[in-house]
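*Asks:* The sequence and its predicted three-dimensional model are supplied below.
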Amino acid sequence: MQKTTTLLLSLLFITLLGCDQKKTSQTPVEATQEASDKIKVLNVATFHFGYTTDANKVDFDEEDRKTQEEIRTLSKMLAEFKPTIICIENHPQYDAEINQVYQKYLNDPSQLNTNYGERSMVAFDVARLNNVAQLYGIDSYMDYNYLIGEQIINTIDSATYRDYMNNPFKDSPELAELDKNFDKLPLLEKLRFYNHPKVLDFNININADNLLYVGTEDGFEGADEAAKFYQRNLRIYSNLNRIPMTKDDRVFILMGAAHASFLRELLERSPKFEMVNTLDYLK
């Protein structure tokens with residue numbers, strides 16, 4: 001029964017990607033070896049494996065043996081990108097601390113380090129597999145009130161706000177079904193879902209843009225809160241650009257889905273970076 005379920009999920013993803021992705025006959029490696037002056041970037045959206053202050057948490061046992069095997073397999077897939085620079089959702093001021101832990105992991109990589117969630121479980125192993133010396137934190141924390149739409153009397157457009165909050169995938173029934181059964185999906189399928197273009201759009205809507213329909217008669221409460229979240233992600237992108245790199249570098253970014261979604265928008269328009277298709281590395 002489990003094999004049948006996995007096969008059906010795989011077929012569903014093939015159907016979705018056929019509708020939403022440009023088809024290519026190139027392999028991931030061939031696609032990323034084309035001549036270009038831009039720096040190649042693999043931008044991966046994830047949920048947080050361990051503790052998180054995020055409002056939405058995924059039920060995930062990072063100590064489970066089978067889960068750790070899935071993570072090892074995932075890391076090998078992502079390592080095929082061959083990154084030279086690895087960026088994680090960590091504050092730059094803590095780079096020395098987490099890189100010290102990474103060096104200890106290199107001395108004995110037989111056991112995954114679960115202390116930093118996906119940052120140490122996935123990013124450490126991808127770095128190890130590619131002989132990357134250090135990791136870079138690019139996060140920039142800013143507090144914002146994502147619940148403002150539930151806390152004020154909304155006189156702007158409560159109908160649009162409420163309709164989206166109640167049914168964000170109403171125009172994508174396939175994604176709605178996957179979202180409903182998310183906890184039952186294998187790790188790889190979870191990350192394919194998180195990195196689907198429509199789910200990345202959803203993350204921007206649910207975290208920021210939907211607040212633009214929220215406010216009092218003379219106020220901009222929703223817009224002001226959304227602006228804070230935009231500002232945080234602009235700062236994250238600015239931190240990315242603080243890292244010294246050349247056109248020969250290859251950048252792997254592992255961030256929470258909301259941040260990866262904003263980075264996708266910025267990277268797509270960048271004169272400096274060229275994104276590869278994340279889903280090519282999640283097969």
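*Replies:* Yes, it's here.

*Asks:* Are there helices or strands packed against the longest helix belonging to the chain, and which ones?
*Replies:* For the chain, the longest helix by residue count, based on DSSP state H, is helix 221-242. In this structure, helix 221-242 packs against helix 148-151, strand 250-256, helix 257-268, with contacts taken as 3 or more Cβ pairs under 8 Å, 6 or more residues apart in numbering; DSSP states H and E. Every C-beta, even on glycine, is put in place using the N, C-alpha and C of the backbone.

*Asks:* in its sheet, what does the helix or strand that the longest one is followed by sit against?
*Replies:* Toward the C-terminus, helix 257-268 is succeeded by strand 273-275 as the next helix or strand (DSSP states H and E). In the sheet containing strand 273-275, the strands it pairs with under DSSP bridges are strand 39-46 (parallel).

*Asks:* what's the distance between the strand it pairs with and the middle of its chain?
*Replies:* Chain-centre distance of strand 39-46: 8 Å, with Cα atoms, centre = their mean, to the nearest Å.

*Asks:* Give me the contact list for that strand.
*Replies:* For strand 39-46, contacts defined as Cβ atoms under 8 Å, 6 or more residues apart in numbering pick out 32, 78, 81, 83, 118, 122, 191, 194-195, 199-200, 203, 245-247, 249-257, 260-261, 263-264, 267, 272-276, 278, 281.

*Asks:* Please repeat the previous calculation with a cut-off of 6 Å.
*Replies:* Identification of contacts with strand 39-46 by Cβ atoms under 6 Å, 6 or more residues apart in numbering yields 32, 81, 118, 194-195, 247, 249-254, 257, 260, 263-264, 267, 273-276, 278.

*Asks:* Got the confidence number for Ser36?
*Replies:* The score at Ser36 is 78. That number is its pLDDT.

*Asks:* How about it, nearest residue that isn't a chain neighbour?
*Replies:* In space, and not counting its chain neighbours, Ser36 is closest to Glu274: 5.7 Å by Cβ to Cβ, 6 or more residues apart in numbering.

*Asks:* who's in contact with that neighbour?
*Replies:* Counting by Cβ under 6 Å, 6+ apart, the residues that Glu274 touches are 36, 38, 40.

*Asks:* Quick check on the residues you listed: which are buried?
*Replies:* Lys40 (16 or more other Cβ atoms under 10 Å).

*Asks:* I'd like the contacts of Glu274 as a markdown table, with distance to Arg235 appended.
*Replies:* A markdown table is the format used below for the contacts of Glu274 (distance: Cβ to Cβ, whole Å):
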| residue | distance to Arg235 |
| --- | --- |
| Ser36 | 27 |
| Lys38 | 22 |
| Lys40 | 23 |
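
*Asks:* ok so, going back, single out the most deeply packed of the helices and strands packed on helix 221-242.
*Replies:* Comparing those by mean neighbour count (mean count of other Cβ atoms under 10 Å), strand 250-256 ranks first with a mean of 23.

*Asks:* Quick one: residues in contact with it.
*Replies:* With Cβ under 6 Å, 6+ apart as the test, strand 250-256 has contacts from 40-44, 81-89, 123.

*Asks:* From the chain's centroid, how far away is that strand?
*Replies:* Per Cα atoms, centre = their mean, the displacement of strand 250-256 from the mean C-alpha position of its chain is 8 Å.
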